[in-house]
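# below are the sequence and a predicted model; questions follow.
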Amino acid sequence: MKNILVPTDFSSCAEKALDYAIRIANENGSAIHILHTFHLSNKAGMFVSVQERMREEAHGKLKHLVITKQRELRNGATMDYKLVRDYAVEGIHYVAKRVKADLIVMGTLGASGLKSVLMGSITAGVIRKTKIPVLAVPDEEPREFNKVLMALDDLQIEPDGVLAPALELAGSSDTEFIIYHSILKTVPASGMHAPSAY
C-alpha cells in the first residue's frame, strides 16, 4: 500500500481518520496525502478576497497539521498535503487518481456513522464515485482491526484491485474478515424490495 489519501475538513472526526491512516502507513511505509477541498460558487465572483482568505486559512491549517502529525510517522512513511478548489467528492476523486491512491481513509460520525454513509454524506459520495477502496472511520478512539467488513456492489472483483488492500488492512490471522453483498429481490405480496445477503 504505497499511497493513502486522507481528506480533511479539520474536524475531530477527520483527525481520527488521519490517526488510522498513520497507523496503516507506519505498518507499510506508505505516503499519506492529506487533502482539503473548498468551493465558492462562481456567482460569488465579486468575493475574490473571501476565496483567497479561505485558501490562505486552509493552507495554514494543512501546514500546521502536517508539521504536528509528521512526528508520529515511522518506518519510512511520509506525509504531504494538497489544497484543491472543487466540490468535495469531485476533488477527492480527482486527487485520488492523481496521486495513484491505493486507499482513501475518511471519517464518519460516531454512532450515526453508518447512517451517514448510507444517507448521502461526502463519504458515501466518494464511495459511489471511486473504484479505490475507502476506509470509513467512525469518530471514536482508534481500535485494533479485529473485525473488517467489506461491502461490495459487484461480485466481479479483481483481487489485486480491491480485495488485496482490504486483506492487508485485516492483517493478522486473528482478524475476522467479512464480505457483504446485497441483492435486491422483489417480494410479490407487497411489491417491496428486500436485501438478501450472502
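Done, it's in.

# so where is this protein shaky, pLDDT-wise?
41-48, 109-120, 140-145, 153-163, 166, 170-173, 182-198 (pLDDT under 70).

# let's go with 50 and repeat that
Flagging of the chain using pLDDT under 50 yields the residue ranges 110-111, 113, 119, 191-198.

# strands of that one, start to end?
For the chain, applying DSSP state E gives strands covering 3-7, 31-38, 78-85, 103-108, 134-138, 147-152, 176-186, 193-197.

# show me the contacts for the closest residue to residue 125 other than its chain neighbours.
The spatial neighbour of residue 125 that comes closest, neighbours along the chain excluded (C-beta to C-beta, 6 or more residues apart in numbering), is residue 89 at 3.8 Å. Heads up, the C-betas are built off the backbone N, CA and C, glycines and all. Taking C-beta atoms under 8 Å, 6 or more residues apart in numbering as the criterion, residue 89 is in contact with 122, 125, 126, 129.

# please tell me I have it right and the second one contacts residue 88.
Read that as residue 125. Yes - if you go by C-beta atoms under 8 Å, residue 125 and residue 88 touch, sitting 7.4 Å apart.

# comparing these two, which residue is more hemmed in?
Taking other C-beta atoms under 10 Å, residue 125 and residue 88 do not tie; residue 88 has more neighbours (20 against 17).

# which residues touch the more buried one?
Here residue 88 is in contact with 7, 37, 39, 122, 125 (C-beta under 8 Å, 6+ apart).

# buried only: go through these for me.
Buried subset of the contacts of residue 88 (neighbour count, 16 or more other C-beta atoms under 10 Å): 7, 37, 122, 125.

# turn those residues into JSON lines, including distance to residue 72.
Below are the buried ones among the contacts of residue 88 laid out as JSON lines (distance: C-beta to C-beta, whole Å):
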{"residue": "7", "distance to residue 72": "19"}
{"residue": "37", "distance to residue 72": "24"}
{"residue": "122", "distance to residue 72": "25"}
{"residue": "125", "distance to residue 72": "29"}
